[in-house]
Structures are given as C-alpha cells and as structure tokens.
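*Asks:* only geometry, no sequence info:
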C-alpha cells in the first residue's frame, strides 16, 4: 500500500508518498531522505536552478531500476509550478519545461523520484545565450578522477591566460567538470568554438592522456574533454544535484586546492562526496559555486593558445 502524507512547504500543500521506499538499495537511502536532502540544500541549490529549464531524470524504482528523462513538465503538476516554453528540434514542437524556482517545486520534483536535476546553460528569457561555458572531463577506464584533476588544472591555467576565472565541481559520478562563468552577451557558437579549440589543444599537447574525440573507442585510459555540452539543446547536471549511483553522491563544488591535493595524493576518494558530507561542507564553506551565477567575464574575441 502506498503510504501518503502531506507536507506544508512555504504555505504550499504537497502530497508525498512512499517516504520509506529505498531508492539507493546498497546505501539504504530512502525517498524521504532524498526529499530531506533537497530541502536542506535548497538555499544554495535554488539560485543555480532559477529560471533554467529543467530536465528531470526520474527513478521511480530506485537507482537499480528503470529510469526515464522527463522534459515536458507533467500535466498533473500543481498549478503553482512554473514552466518555460522551449522549442524542441528533436520533437519539432514547443515543450513546456519545469522551472524549479522555489522550494515547493523542488520538493514536488523530489517526490516524483527526480533524483538528478539536469539544467540548461541558459535562462528562460534568453535561451539562445549561455551564461557559462562548461567542460565535462570524462575518464575512460582505467583512468579516473585523479587523471581528470591533471587535465582540469591544465585547463584552468589555459583559461587563466585568457583572463578567465574557472570553477571546478565533481560530476558526482566519475568525472570532474570545469565551469567558466560569463553572464555577458555571448552565443553558443562562441562558447562551443572556444571550448572545442581548448580541448583540441590539450589533446595535441597531452595526447597520451587527453582526447577531444567523442568516440568511446579512443577513450581507454584517457580523459575525454567534452566541449559539446556547450549547446542550446543539451543539459548538464546541476551543482548540488544527487546522482543515481550506488551511494547518494552529489555533484559537488570543490576548490582548486582540493583538485591539486587529489592529484598530489592520487586518491580518487578525496573528491567523492555523499549528500551528508555536502551539507556539512556548505555549512562550513558556503556556496563555492556562487560566483558562477554572478561573475561577469567576456570571452576573448581572438585567442592564440
């Protein structure tokens, strides 16, 4: 029998169910704990979700079960859930994406077993313009996040030569991601061209460790610098989102010093954070990704790597 309850969140009544259902079997982590995490992390998470079309990745039977992506905001949504109209090339129609702009919406989504929050690099009012440039560093076994740290630091230094400040976060899975806040008038063509050039440069300089090629056949033992995320039709895992792994790990912002330390000690576990650890980090460090939404930086019109 489905156990149901009602939560009052900021004066909104939200029907929740199956709070004791285990969504992470190996960790014994329940749906109730998922909702609790998202409520507690909301003060730092919501600014990164605000006005960004949300793709929900839902796991109704837990991380070991079937999952599905939901781009169109469910028709059974509460009336107060805000949406954004986005043209879909694949579907050749306009889609209504959810906007997780407030805590009630976040709790409502968590109750749908939306473990992962995937967001656009744009905001709803200017979907053609990204507010950031992103590099997803994806290791091919036996490489892992330690090798990603090496590549991430090279990338950080390249960007610094262009007077661009960058920020790192774990993917919450096996890789590392580098974000370049822009918050100025740029296009996806510009961010994609520059990110591709940087990825190809790193591949040329460090061919033994880096590839800019999407083919999984060439990734073995290398780090794929995925520049293709800089696209108006793609989404990336939002900072502070849970991931559907064996444990409730989180896409966690980290300092470059932590990245350097992980590389120096060659310990991948130094950059693995569960939900409880992330809450402690935020209490201590605040939002290490705050500047990604605020810092204004201009892409160079010309670059000579």
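*Replies:* Received it, and whenever you're ready, just let me know what you need. The structure displayed is predicted, hence computed values, not measured ones.
*Asks:* Identify the bridge partners of the residue nearest the centre of the chain.
*Replies:* The C-alpha lying nearest the average C-alpha coordinate of the chain belongs to residue 237 (Cα atoms, centre = their mean; 2.2 Å). When bridges are assigned using DSSP bridges, the partners listed for residue 237 are residue 118.
*Asks:* Name all residues that make contact with it.
*Replies:* Residue 237 makes contact with 116-118, 171-172, 177, 243, 251 under the criterion Cβ atoms under 8 Å, 6 or more residues apart in numbering. Every residue, glycine included, has its C-beta placed from N, CA and C.
*Asks:* distance of it from residue 277?
*Replies:* Relative to residue 277, residue 237 is positioned 17 Å away (Cβ to Cβ, to the nearest Å).
*Asks:* do residue 294 as well
*Replies:* In this structure, residue 294 and residue 277 are 25 Å apart, going by Cβ to Cβ.
*Asks:* what's near enough to touch residue 45?
*Replies:* If a contact means Cβ under 8 Å, 6+ apart, then residue 45 has 38, 106, 238-241 as its contacts.
*Asks:* Redo those residues as JSON lines? Include pLDDT and distance to residue 45.
*Replies:* Listed next are the contacts of residue 45 as JSON lines, based on pLDDT from 0 to 100; distance: Cβ to Cβ, whole Å:
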{"residue": "38", "pLDDT": "98", "distance to residue 45": "7"}
{"residue": "106", "pLDDT": "98", "distance to residue 45": "7"}
{"residue": "238", "pLDDT": "98", "distance to residue 45": "7"}
{"residue": "239", "pLDDT": "98", "distance to residue 45": "7"}
{"residue": "240", "pLDDT": "98", "distance to residue 45": "4"}
{"residue": "241", "pLDDT": "98", "distance to residue 45": "8"}
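*Asks:* In CSV: the residues you listed, plus secondary structure and neighbour count.
*Replies:* CSV is the format used below for the contacts of residue 45 (DSSP: H, G, I helix; E, B strand; the rest coil; neighbours: other Cβ atoms under 10 Å):
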residue, secondary structure, neighbour count
38, helix, 25
106, helix, 23
238, coil, 21
239, coil, 28
240, coil, 27
241, coil, 24
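*Asks:* Which stretches in the protein count as helices?
*Replies:* If you assign secondary structure with DSSP state H, the helices in the chain sit at 31-49, 103-111, 145-161, 188-205, 256-265, 275-285.
*Asks:* What helices and strands are in contact with the third one?
*Replies:* It stands for helix 145-161. strand 132-139, strand 167-170, strand 176-181, helix 188-205, strand 223-226, helix 256-265 (3 or more Cβ pairs under 8 Å, 6 or more residues apart in numbering; DSSP states H and E).
*Asks:* out of these, which comes closest to residue 27?
*Replies:* Closest approach to residue 27 among these is made by strand 167-170 (17.3 Å; Cβ to Cβ).
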